[in-house]
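Trainee: need coordinates for the following:
(one chain, ligands or ions: 1)
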Amino acid sequence: MKKLLHICAAMRGEKSRTLIVASAFLEKFNETHPDWTVETLDVFAEPLPEITRDVTDGKYLLMADGEISDILKPSWLEIKQHINRFLSADAYLISTPMWNFSIPYRLKHYIDVIAQPQYLFRYTAQGVDGLAKGRKMVVITSRGGDYTPESPICALDYQEPYLRTIFGFVGVTDITFINAQPMDARGREIMKEQLDAAQNRAREIAIKF
Ligand SMILES: Cc1cc2nc3c(=O)[nH]c(=O)nc-3n(C[C@H](O)[C@H](O)[C@H](O)COP(=O)(O)O)c2cc1C
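Mentor: Purely as a prediction, here's the structure:
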């Protein structure tokens with residue numbers, strides 16, 4: 001069985017517009033991909049290890065092509081478990097609202113946990129080599145405002161460029177975004193219209209995935 005890891009950073013349960021779109025994607029995905037299993041990692045519900053001084057000291061050892069020293073190993077136990085879980089997936093779905101033009105802090109925390117040298121990337125004479133390459137990703141977001149290319153505030157979208165950059169850095173370059181927007185700024189009718197459109201797009205992308 002192949003595995004889709006659903007990294008969920010939407011914390012409003014049934015009220016979440018992000019999760020309404022993600023559910024449309026997952027329903028179609030499950031229907032059309034019986035050979036795949038879906039595992040969910042809720043970054044608000046699951047504990048994430050703190051990035052302590054020991055964890056950071058270990059990271060610098062890895063960046064210098066060294067190994068985690070015995071004394072630092074305990075601090076890296078949970079970090080390695082999260083990395084292994086991330087790398088055990090064949091593809092990813094990220095569900096995240098826009099928070100302050102970017103991502104919720106718990107998703108950033110998760111990224112800080114897993115984006116480690118020798119595990120997710122390494123430096124070579126030719127530049128950075130992403131070690132999670134070959135895996136696809138779908139990112140479902142919802143935003144209060146409208147950040148489409150025609151919008152005067154499109155340059156304020158630090159969410160999509162950031163996620164493309166960090167996951168591209170670790171080798172995940174095949175990323176499709178489904179952005180439901182505007183969810184708050186233009187009233188209920190436009191919100192419903194855009195939410196429907198995002199759900200339809202999510203179903204189409206799930207079928208072709
Ligand atoms: C803490 C917080 C920060 C937010 N920051 C932004 C923002 O910078 N830009 C924006 O357009 N909407 C912002 N919003 C609105 C949400 O992106 C929007 O309501 C989204 O649909 C929420 O997703 P959800 O329904 O899945 O929780 C923010 C909401 C919260 C709770």
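Trainee: please enumerate the strands of this protein.
Mentor: Using DSSP state E, the strands assigned to the chain run over residues 2-8, 36-42, 91-97, 121-124, 127-130, 136-142, 174-180.
Trainee: want to try TSV for those, with distance to Tyr162 as columns?
Mentor: The way it works is simple: take the backbone N, C-alpha and C, and place the C-beta from them, glycine included. As requested, these are exported to TSV (distance: least, C-beta to C-beta, whole Å):
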stretch	distance to Tyr162
strand 2-8	14
strand 36-42	19
strand 91-97	11
strand 121-124	16
strand 127-130	16
strand 136-142	11
strand 174-180	12
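Trainee: any chance of those in a markdown table, with distance to the ligand too?
Mentor: Converted to a markdown table, the strands of the chain look like this (distance: least, C-beta to the nearest ligand atom, whole Å):
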| stretch | distance to the ligand |
| --- | --- |
| strand 2-8 | 10 |
| strand 36-42 | 13 |
| strand 91-97 | 3 |
| strand 121-124 | 28 |
| strand 127-130 | 28 |
| strand 136-142 | 3 |
| strand 174-180 | 7 |
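Trainee: right, and the ones you listed - which one's nearest Asn200?
Mentor: Between Asn200 and the strands of the chain, the tightest spacing by C-beta to C-beta is seen for strand 174-180, at 9.9 Å.
Trainee: which strands and helices lie in contact with the closest one?
Mentor: Here strand 174-180 touches helix 17-32, strand 136-142, helix 159-169, helix 188-208, going by 3 or more C-beta pairs under 8 Å, 6 or more residues apart in numbering; DSSP states H and E.
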